[in-house]
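S.K.: just coords:
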């Protein structure tokens, strides 16, 4: 079994479109939180939470065209947590060199988060595997 990486050449473009929507929504919430004095961490967490459910639903139904169940939702949450921690690491590094409550630090974190999340989504959450020449989604064993 090996992942079927290039079966749909438009998959990355759809992921990007969903990501742009989530990024715009999340960044708007982050900026609103910063403007209201919530600070970096609360603003960032609220912004990412705002796009999480929308991102899962759009990526599941449109980007990866998968009908997965609970297992897939759990994988999505795990991938999100890993990628969000990478985002926070970028934010912490930026703060350590003087970029406190900086929108640019958040943009850098968003870039790292987005690239890593596509990789995790395509290879783990919504993975398609090849078995005897047939594409089989990881959701086969989902309830």
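M.R.: Received it, and whenever you're ready, just let me know what you need. Note that the structure is predicted; figures quoted are calculated from it, not measured. Residues are numbered from 1 along each chain as shown.

S.K.: Regarding the residue nearest to the spatial centre of the chain, what is its secondary structure?
M.R.: In the chain, the centroid-proximal residue (C-alpha atoms, centre = their mean) is residue 117; its distance is 4.2 Å. Three-state assignment for residue 117 (DSSP: H, G, I helix; E, B strand; the rest coil): helix.

S.K.: residues contacting it?
M.R.: Counting by C-beta atoms under 8 Å, 6 or more residues apart in numbering, residue 117 makes contact with 19, 79, 80, 83. Placement of C-beta: from N, CA and C, glycine included.

S.K.: Could you save these as a markdown table and add columns showing distance to residue 9, secondary structure and neighbour count?
M.R.: Compiled in a markdown table, the contacts of residue 117 are given as follows (distance: C-beta to C-beta, whole Å; DSSP: H, G, I helix; E, B strand; the rest coil; neighbours: other C-beta atoms under 10 Å):
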| residue | distance to residue 9 | secondary structure | neighbour count |
| --- | --- | --- | --- |
| 19 | 17 | helix | 24 |
| 79 | 22 | helix | 21 |
| 80 | 25 | helix | 21 |
| 83 | 24 | helix | 22 |
